[in-house]
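Enquirer: here's my sequence, what's the structure:
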Amino acid sequence: MAEEKWVLMVTAQTPTNIAVIKYWGKRDEVRILPINDSISVTLDPDHLCTLTTVAVSPSFDRDRMWLNGKEISLSGSRYQNCLREIRCRADDVEDKVKGIKIAKKDWEKLHLHIASYNNFPTAAGLASSAAGFACLVFALAKLMNVHEDPSQLSAIARQGSGSACRSLFGGFVKWNMGSKEDGSDSVAVQVADEKHWDDLVIIIAVVSSREKETSSTSGMRESVETSLLLQHRAKEVVPKRVLQMEEAIKNRDFTSFAKLTCSDSNQFHAVCMDTSPPIFYMNDTSHRIISLVEKWNRFVGTPEIAYTFDAGPNAVLIARSRKVAVELLQGLLYCFPPKPD
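Expert: Residues are numbered from 1 along each chain as shown. Here you go, the predicted model:
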C-alpha cells in the first residue's frame, strides 16, 4: 500500500422501491429474515434515490458517516453488519492513475468516510432506508472490488434494512423469504426488468414529510407478537398473492395487478390496526386519496390506477398509462390543492 496520504472514492446512486406485495414481520430480528415473500417495483433513480460517496484513506482514524449533511453514528448493529460483510469479501484494489495499491489484507486496517443524501423525505414511509442501505452496500462493494453478484449483495443489504435487498435491481423484484436459518437463501431476484412494462407511470403523493411516530422496525415486532391477522396473512394469503402478482407482471395484466396491489396495501394496514396497541400510519388525507382512486376506477369501469401505502401516509399511485397519469395528476391537484409557500 502506498505511503502517501491518498484518498480513493466511489459514488453510487440507488433508487428506492415500493412493495406491491408487502414485507411486514421478521422471523429473525438479527439477520432480518422475513415471514413472507414480497414483490416490489423499483422507482426511476432520476427521481427518488439515494446518492452515496464512500472514501478510504490511511489518514482517516475511524469510520464516519454523514446522512443529509448531518453526522450519524455507525455503532448500530445494522451498519456494522454491512461493513463487516463487505470488508471480509474485499479484494486487492489498484488505481494506476493515482498510483494507489490496496492489498486485500489492508482493508481491515483502513477506515471509511461515507456521505449519503436522500432526495426525498427520510423515515416518512417512502423506503428511504431501503435505498440508503442498498446504495451503501453497492458503493462499498465497488470501492473494495467485491465480486459478488447483485443477488449475493442483496443478502448483505438485507442485514441493514430488509427492503434494501430489492433496491439492487431495477424493474419488478421479488425478495424470497428463504428457509435456511443462516439466511443465505433470503435474497432478491429480478422478476422483470425496467423495460418490461414501461407504460406504467408512478406518482408519489407526499401527504406528510414528517418522520413517522412508529418506526417500521418496532411496528413489525409488535405485529408479529400480537396480530393474529398477520399470521393468517403470512401463511394463507401472501403465498397465493405472490404467484398471482408474478403472473400479472409477466402478462402485463393491469386489472389483476391493480386489484392485488390495492388489496395487499389495505390488508397490510389492517394488520397494523390489528396490532396491540394499534398502529396508524395513514391519515385522513390518505383515506381520501384511496376513496378518489376507488371512485375513479368504478366510474371508468376498469382499474386504471392502483394505490399502495407503505408504513406512512404518503400515497404511491400507479397509472396504467401516461395519459391516465396526466389526468390523475390534474385530479389530485384539484382535490388537494398545494398550500402556498
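Enquirer: going forward, measure contacts and count neighbours with C-alpha atoms only.
Expert: Will do.
Enquirer: list every C-alpha atom in stretch 46-59, with coordinates, as CSV.
Expert: The C-alpha coordinates for stretch 46-59 follow below in CSV (Å, rounded to 0.1, in the frame of the first residue of the first chain):
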residue,chain,number,x,y,z
ASP,A,46,-33.5,10.1,-11.5
HIS,A,47,-36.5,10.9,-9.3
LEU,A,48,-36.3,9.1,-5.9
CYS,A,49,-32.9,7.9,-5.0
THR,A,50,-30.0,7.9,-2.5
LEU,A,51,-26.6,9.2,-3.6
THR,A,52,-23.7,7.8,-1.6
THR,A,53,-20.0,8.6,-1.7
VAL,A,54,-17.6,6.3,0.1
ALA,A,55,-14.0,7.2,0.6
VAL,A,56,-11.0,5.4,2.1
SER,A,57,-7.7,6.9,3.2
PRO,A,58,-4.8,6.0,5.5
SER,A,59,-5.3,9.4,7.1
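Enquirer: distance of residue 267 from residue 175?
Expert: Residue 267 sits 19 Å away from residue 175 when distances are taken as CA to CA, to the nearest Å.
Enquirer: and the two? which has more neighbours close in?
Expert: Using other CA atoms under 10 Å, the more surrounded residue of residue 267 and residue 175 is residue 175, with 28 against 16.
Enquirer: identify the residue nearest the more buried one in space, chain neighbours excluded?
Expert: Leaving aside its sequence neighbours, residue 175 sits nearest to residue 188 (CA to CA, 6 or more residues apart in numbering; 4.2 Å).
Enquirer: got any ranges where the stretch 101-250 of the chain has weak pLDDT?
Expert: 121-127 (pLDDT under 70).
Enquirer: which parts of it are strands?
Expert: In the stretch 101-250 of the chain, the strands defined using DSSP state E, counting those that start in this stretch lie at 111-118, 172-175, 188-192, 201-205.
Enquirer: turn these into JSON lines, including distance to residue 320.
Expert: As requested, the strands of the stretch 101-250 of the chain are exported to JSON lines (distance: least, CA to CA, whole Å):
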{"stretch": "strand 111-118", "distance to residue 320": "27"}
{"stretch": "strand 172-175", "distance to residue 320": "15"}
{"stretch": "strand 188-192", "distance to residue 320": "17"}
{"stretch": "strand 201-205", "distance to residue 320": "7"}
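Enquirer: quick one, which of these gets closest to residue 232.
Expert: Nearest to residue 232, of all the strands of the stretch 101-250 of the chain, is strand 172-175, at 19.5 Å by CA to CA.
Enquirer: can you tell me the centre-most residue of the chain?
Expert: Relative to the mean C-alpha position of the chain, the nearest C-alpha, by CA atoms, centre = their mean, is the one of residue 130, at 3.3 Å.
Enquirer: what's around the residue nearest to that residue when sequence neighbours are not counted, how many residues?
Expert: Of all residues not flanking residue 130 in the chain, residue 164 sits nearest, at 3.7 Å (CA to CA, 6+ apart). By other CA under 10 Å, the residues close to residue 164 number 31.
Enquirer: tally up the residues packed near residue 312, please.
Expert: For residue 312, using other CA under 10 Å, the count is 28.
Enquirer: that one touches residue 214, doesn't it?
Expert: No: in this structure residue 312 lies outside contact range of residue 214 using CA atoms under 8 Å: 9.3 Å.
Enquirer: the residue nearest to residue 130 is in contact with residue 137, isn't it?
Expert: No: taking CA under 8 Å as the definition, residue 164 is not a contact partner of residue 137, at 9.4 Å.
Enquirer: got any residues that touch both of the two?
Expert: Contact criterion CA atoms under 8 Å, 6 or more residues apart in numbering; residues shared by residue 164 and residue 137: residue 157.
Enquirer: give me the distance between residue 269 and residue 209.
Expert: In terms of CA to CA, residue 269 sits 19 Å off from residue 209.
Enquirer: residue 297 now?
Expert: 28 Å.
Enquirer: domains of this structure?
Expert: Here the domain parsing of the chain from automatic domain parsing is 8-192, 201-335.
Enquirer: of all these, which gets the most neighbours per residue?
Expert: Highest mean neighbour count among the domains of the chain (mean count of other CA atoms under 10 Å): domain 8-192, with a mean of 20.
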